[in-house]
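**Q** pasting the sequence and the predicted coordinates here, then a few questions.
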Amino acid sequence: MTYTNFTVETDADGVALVTWNMPDRSMNVFTEEVMNELDKIIDQVVADAGIKGAVITSGKETFSGGADLTMLQKMLKIFAKEKAKDPEKAAKLLFDNAGRMGGLWRKLETSGKPWVSAINGTCMGGAFELSLACHGRVAADSDKVKMALPEVKVGIFPGAGGTQRVPRLTDTQQALQMLTSGQTLSPQKAKSMGLIHEIAEPKKLIETAKAMIKNGLKPVQPWDEKGFKLPGGPVYSAAGANLWPPAIAILRRETYGNYPAATAILKSVYEGLLVPFDTGLRIEQRYFTEIMQTKEAAAMIRSLFVSLQELNKGARRPDGIADTKFKKIGIIGAGFMGAGIAYVTAKAGIPVVLVDRDQESADKGKAHSDSLISEQVKKGRAKAEDREKLLSLITPSADYADLAGCDLVVEAVFEDSEVKKVTTEKAEAVIKSSAVFASNTSTIPITSLAKNSARPKNFIGIHFFSPVDKMMLVEIIMGKKTGDKALAVAMDFVRAIKKTPIVVNDTRGFYVNRCVLRYMSEAFKMLIEGVPAAMIENAAKAAGMPVGPLALTDETAVDLAQKIMKQTIRDLGEKAVDPRQMALINTMVDTHGRLGRKNIKGFYDYPAKPAKKKLWPGLKDLYPQLAPEKVDVEELKQRLLSVIALEAVRVMEEGIVTDPREADVGSILAFGFAPYTGGALSYIDGIGAKKFVKIAKELQKKYGAEFKAPKLLIDMAEKGETFYQRFDPYAKAEEKKAA
Amino acid sequence: MADAFVYDAVRTPRGKGKKDGSLHEVPAVRLGAKVLEALRDRNGLDTAEVDDIIFGCVDPVGEAGSVIPRSAAFEAGYDNKAPGMQISRFCASGLDAINFGAAKIAQGADEIVIAGGVESMSRVGMGMSGGAWFMDPSVGMPAWFMPQGVSADLIATKYGFSRDDVDGYAVESQKRAAKAWEKGYFKKSVVPVKDQNGLTILDHDEHMRPTTDMQSLGQLNPSFVMPGEMGGFDAIAVQRYPELEEINHVHHAGNSSGIVDGAAAVLLGSKKAGKTLGLKPRARIRAFSNIGSEPAMMLTGPVDVTEKLLKRAKMKISDIDLFELNEAFASVVLRYMQAFEIPHDKINVNGGAIAMGHPLGATGAMILGTVLDELERRDLNTALVTLCIGAGMGTATIIERV
């Protein structure tokens, strides 16, 4: 028999080798067709008396990335349509679909013939669940082999037996940790957990897998044997009583109950371990069906998987411009930002010239890379030769002439228009006229900086976030005259260093900082109202933000907030800044000398480690405190998220950001906007524009103009539109297809 | 409705709830049998007349399973006509058994009911009956489950009780209990546990540490730091009470209720029953109530149920002469006193579970007997008995002498 996505070859010993190798795809994924073919292959193996057992592997470098999530998106669309007609029928349809893969793996493991999975590379989600259903599991001994059930990270659920097989193979605690965090396992870790049987040299992978069958591998899973005992012991046992209550608490600690998929995993494991295996699979299928219908799943699949991938692939890159192959990149300013940019550039294998006023400063910038990569080596995440290579790529220099031959120069010098002007002129004097000059400014409009350039077409903003090595988002800022080629080069650079680019038109604060300032400012207002500081911080975290707004202000420095406010007053007038907020920040900085984390006192006190930071008790004395019972925490959460979301709407309305994918993904990657919502705009889409406008009006009445719903949103509310309808990112592609 | 009266109340001494505790050799059912025997023998009770025996038992598993009061009645040689029923409302079970019995009498269904409770914590163990409340994520999440000790620490943090406050309360509890024993205030109710030869196994509460002082308590480490931090429960407390930045752990073995073995039983009856039995009623069950309270803080149910009960009984705090609130943790009592501005000399006047121990299912019946003895000794009239309860509940009963 022949298949489109698989080959089946049976050797002289009667062991079939099933090789998964999808045409026209760089990675194997589960599609309807793949599942149909696997179904037939299982039948073939069972029916053919000449086949003793089967080994399944991949013909690609990776084993498989799991399910094709766009397929899941389509399935949900069909479900939504059907639900409008007949909710019960729709639920049944979804339930049956949800059980398809799980049913197939169950068929495989009860087929009566032994199956071995030969895991040659990355093996994710449904593919790892397929492996777990095999009676034998061998992984190649290679850094490239990574195994995980990462579904929870995009709001869904390992629904093809993952929640049932893992805790029947390893102890419950490790199983829960792996399932609820989407943790990636090395072959060594997977073996120590009992999830795989053997680790083989990559060259001997298939041989080892086949040998398991030849040596009489029993085609029966442990849980199908009589007298099977759970590796972690029964749920209701002393061990279980020590495990489950904290497991529930820790899940809430980590998720604030915001991630239904994570909670459902816990429930599925708990309920599943109390019943026989097949019943457990059915319980899992019910939870999977439930989770697929949540708005969190839809929002997270879209933003954290589909949109993120599209942006990483350069969805916003202008067509018709050849990919840039970077021979050399120049970075001017070897301070914390410049040094960080040099590090990520060299890490991507691109030679860097790191220029500063004098050799000593430039050397210091390079030393930053040394300390970062040395730390990686120490932690075993990089090898000594990686360090050598990386450092050899960075040339520190005090001479602008060394910038000659750069395809791209990024300046990260002091935030001062004059300094930047000189820098631009000196660099442009050396680099070729076709080279792109980029500024990493976070405060000065690109269009005004471009005036210093002899070729504003090639002048662009590439705005990194601190710390550069950790922050995954980069804003690419388009000046008025910035050309398509500069945009393409900037995007190619951001993609080369494996970060996610979003394209932002020029405005004060660009996109991200406008939102972040709103977040902080709302917290200042709350403090002034007398909301206990802990409530503000805890409400923010409960709303899904990774860092409370006061802690964030401390990180970026309170005196920086003061500087920004003062600058805003200078530029836009007294009314541009709330005088009470100005007074608060002035009191913090001028009266109490509380500058933030950098001088170990800001809104928090920062005692020496291991002690944890603690809110400054003096905050209580700044404003009369409200009784906690008088404060509506749900409203605090709503204010903190809405104030950001509304700023994102304004940014869209002004045409600063034009693609909702960028606004959403940008808000999550840059400041961790409640990921379960799918991002700042999806947050509104999830609530519905009409309802959100109503909420905004209420908030405006109580808390001020920052909650005023922009015209755009009111219009959307009237038309019943979502952002993804109004600014359909795929419309252009569809048009093109139609033409 | 008929009135329900208390005719008698007995309890065993409380044995240390460990393998080296004196009552560890005594099966749980025998503890129950001992108090049934005592009630019968002291009152010349014709056990064929007993309409029901209701016992609270929080962990009715293993030897404490299978309706322990029925089993205890067999061992005590009660007439077959006296049935039995076991109930649980966690720590208030013993008091709820009394309220239940009183309700049956008030309704006219029963004339004579024995209500009480039994717990052998050394033999059966705590939490042995399991439960979805803390094990099942579908319940534990919405219930904001955390161990009671963390909840007690949460109360201390939220209402501002320091380590010194809770330790100070504990020292006083020990002092009061020691004095009460010394002066014989418990004599009327405590029935020594004896073996089949008449030899005494235990005749006093052996958990007490009368020499406890601030200094000795100060040396104890707080017990709930580990579950709070490692188990994630502090985070739950802070998520539920976001005005708090962290939990101040102040409770330890010395200011929390002791783990002990024991049983108690109260003879309840209608007015008519008293005539039949030739007994004089000692008190009337005036009113009782139950409530569910916020489950994360869990142990503030006594405040909520007291408010509810006083309202229903049309009474005021000042109408109550003595309060008896189970000393599950020091902060529970301190919060109750704070909420109602009750002076310490009106509450738990003879100490409580911090000194003498808390045999879960029996305690409610024990402390009702204790406060009744004290009302009589002081010649006062009215007492309110209440207990905090796992999962956020409260039970309270008002008795008045007749």
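**A** Good, I have the coordinates. It should be emphasised that the depicted structure is a prediction, and the values quoted were computed from it without experimental measurement. Residues are numbered from 1 along each chain as shown, chains lettered A, B, ... in the order given.

**Q** quick check, residue A:135 in contact with residue A:220.
**A** Yes - with the criterion set as CB atoms under 8 Å, residue A:135 and residue A:220 qualify as a contacting pair; they are 7.3 Å apart. For the C-beta atoms, the positions are set from N, CA and C on the backbone; glycine is no exception.

**Q** domain-wise, how is chain A divided?
**A** A:6-293, A:329-508, A:513-726 (automatic domain parsing).

**Q** before we move on, the earlier item: looking at residue A:135 and residue A:220, which is more packed in?
**A** residue A:135 (22 against 13; other CB atoms under 10 Å in any protein chain shown).

**Q** now the domains of chain A as CSV including mean pLDDT?
**A** Formatted as CSV, these follow (pLDDT from 0 to 100):
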stretch, mean pLDDT
domain A:6-293, 96
domain A:329-508, 95
domain A:513-726, 97
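
**Q** quick one: neighbours of residue 199, just the number.
**A** No chain was given, so I picked chain A. A count of nearby residues for residue A:199, using other CB under 10 Å, gives 19.

**Q** try chain B instead
**A** Each residue near residue B:199 was counted by other CB under 10 Å, and the total is 7.

**Q** looking at the domains of chain A, spot the one closest to residue B:85.
**A** domain A:6-293 (24.9 Å; CB to CB).

**Q** gap between the closest one and the chain center?
**A** From the chain centre to the centre of domain A:6-293 is a distance of 23 Å (CA atoms, centre = their mean, to the nearest Å).

**Q** what do you get for stretch A:715-727?
**A** Centre-to-centre, stretch A:715-727 and its host chain are 26 Å apart (CA atoms, centre = their mean).

**Q** what's the answer for stretch A:336-354, then?
**A** Distance of stretch A:336-354 from its chain centroid, counting by CA atoms, centre = their mean, is 23 Å.

**Q** so what's the residue count around whichever residue of the stretch 251-400 of chain B sits closest to chain A?
**A** Shortest the stretch 251-400 of chain B-to-chain A distance, computed as CB to the nearest CB: residue-wise this is residue B:296, at 10.9 Å. Residue B:296 has 19 neighbours, counted by other CB under 10 Å.

**Q** give the contact list for it.
**A** In this structure, residue B:296 makes contact with B:144, B:146, B:151, B:154, B:236, B:237, B:240, B:241, B:392, judged by CB atoms under 8 Å, 6 or more residues apart in numbering or on different chains.

**Q** pull the longest helix from the chain.
**A** You didn't say which chain, so I picked chain A. Of all segments of type helix in chain A, defined using DSSP state H, the longest is helix A:87-109.

**Q** actually it's chain B I care about, not the one you picked
**A** In chain B, assigned by DSSP H, the helix with the most residues is helix B:163-183.

**Q** quick one: list the elements packing against that one.
**A** Other helices and strands packing on helix B:163-183, by 3 or more CB pairs under 8 Å, 6 or more residues apart in numbering or on different chains; DSSP states H and E, are helix B:214-218, helix B:330-340, helix B:353-356.

**Q** and if we set it to 10 Å?
**A** The contact analysis (3 or more CB pairs under 10 Å, 6 or more residues apart in numbering or on different chains; DSSP states H and E) places helix B:163-183 against helix B:148-159, helix B:214-218, helix B:330-340, helix B:353-356, helix B:360-378.

**Q** out of the contacts of residue B:296, which is nearest to chain A?
**A** When those are compared for distance to chain A, the smallest value, 5.1 Å, is given by residue B:236; criterion: CB to the nearest CB.

**Q** remind me which helix or strand that closest one belongs to.
**A** According to DSSP states H and E, residue B:236 maps onto helix B:233-240.

**Q** run through chain B and note the low-pLDDT ranges.
**A** Across chain B, not a single residue meets the criterion (pLDDT under 70).

**Q** list the contacts of the residue lying farthest from the centre of it.
**A** When each C-alpha in chain B is compared with the mean C-alpha position (CA atoms, centre = their mean), residue B:245 comes out farthest, at 32.9 Å. Contacts here follow CB atoms under 10 Å, 6 or more residues apart in numbering or on different chains; on that basis residue B:245 touches A:532-535, A:537-538, A:604, A:612-615, B:157, B:238.

**Q** and those, which are buried?
**A** A:532, A:533, A:534, A:535, A:537, A:538, A:604, A:613, A:615, B:157, B:238 (16 or more other CB atoms under 10 Å in any protein chain shown).

**Q** quick check: closest non-adjacent residue to the last one.
**A** If the residues on either side of it in the chain are set aside, residue B:238 comes closest to residue B:244, at 5.4 Å by CB to CB, 6 or more residues apart in numbering or on different chains.

**Q** please tell me how far that neighbour sits from residue B:162.
**A** For residue B:244, the distance to residue B:162 under the criterion CB to CB, to the nearest Å works out to 15 Å.
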